[in-house]
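**Student:** Just the structure for this:
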Amino acid sequence: MKIRLSKSILLGVIIATITLPGPILSAQHSSLGEDLSGHFSRAGNSDTPSNTTRNNIYIKFFADRWIEMIFVPYPYAVGVEPSTITRAMVEAKKQTSGSAYMKGKFGHLSELATVHIERYGYLEGRIVFECGSLAPCTIKLGEGYLELIKPGVINEHIIRYNHVAAE
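**Tutor:** Predicted structure coming up:
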């Protein structure tokens, strides 16, 4: 009984460390290198993955450990300038103070897009956040790109996103 209680407390502390903001985690921001400028564009946007999912997908980091994913309808997304995507993402973030799923044009798009905004934390040198999968998604950052790792039933799905600089 005591062992189970100790494991439960330890698990609770780990989850709280990952999800709650605090000075211990804020120091990791610069060491992991989240780029708050511009956004990240899924490799394969405007290609077969977009045609299959009917969306181009973009990711943006915000201050205070917020992450946003926007799903812009395909093929409309092909003609949207990267600066418009960034501005729409910033506008969407302004519309909520918490985690949210929203649908709208966000003042910059001509068609409705879906946005998912969530807090993120850190675990073993990776960014961790809820992404609507079986388990939390993780992000591994590289120079000018990130890899989104989504858990699957059999295998993990690793999706590369390339950084698009802000204008």
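**Student:** where does this structure dip in pLDDT?
**Tutor:** Across the chain, the ranges flagged by pLDDT under 70 are 1-33, 167.
**Student:** And the residue nearest to residue 74 when sequence neighbours are not counted, how far from residue 71?
**Tutor:** Excluding the flanking residues, the one nearest residue 74 by C-beta to C-beta, 6 or more residues apart in numbering is residue 50, at 4.1 Å. Where you see a C-beta, it was placed from the backbone N, CA and C, and this is true even at glycine. Residue 50 sits 10 Å away from residue 71 when distances are taken as C-beta to C-beta, to the nearest Å.
**Student:** try residue 99
**Tutor:** 16 Å.
**Student:** can you pull the buried residues of the lengthiest strand in the chain?
**Tutor:** When the chain is scanned for its longest strand (criterion: DSSP state E), the result is strand 113-123. With burial defined by 16 or more other C-beta atoms under 10 Å, the residues of strand 113-123 counted as buried are 113, 114, 115, 116, 117, 118, 119, 120, 121, 122.
**Student:** same thing with stretch 157-166?
**Tutor:** Across stretch 157-166, burial judged by 16+ other C-beta under 10 Å covers 159, 161, 163, 164.
**Student:** How about stretch 66-79?
**Tutor:** Those would be 66, 67, 68, 69, 70, 71, 72, 73, 74, 77, for stretch 66-79 by 16+ other C-beta under 10 Å.
**Student:** which residues touch it?
**Tutor:** If you take C-beta atoms under 8 Å, 6 or more residues apart in numbering as the criterion, stretch 66-79 is touched by 45-46, 50-51, 53-62, 80, 85, 88-89, 92-93, 109-120, 127, 129, 131.
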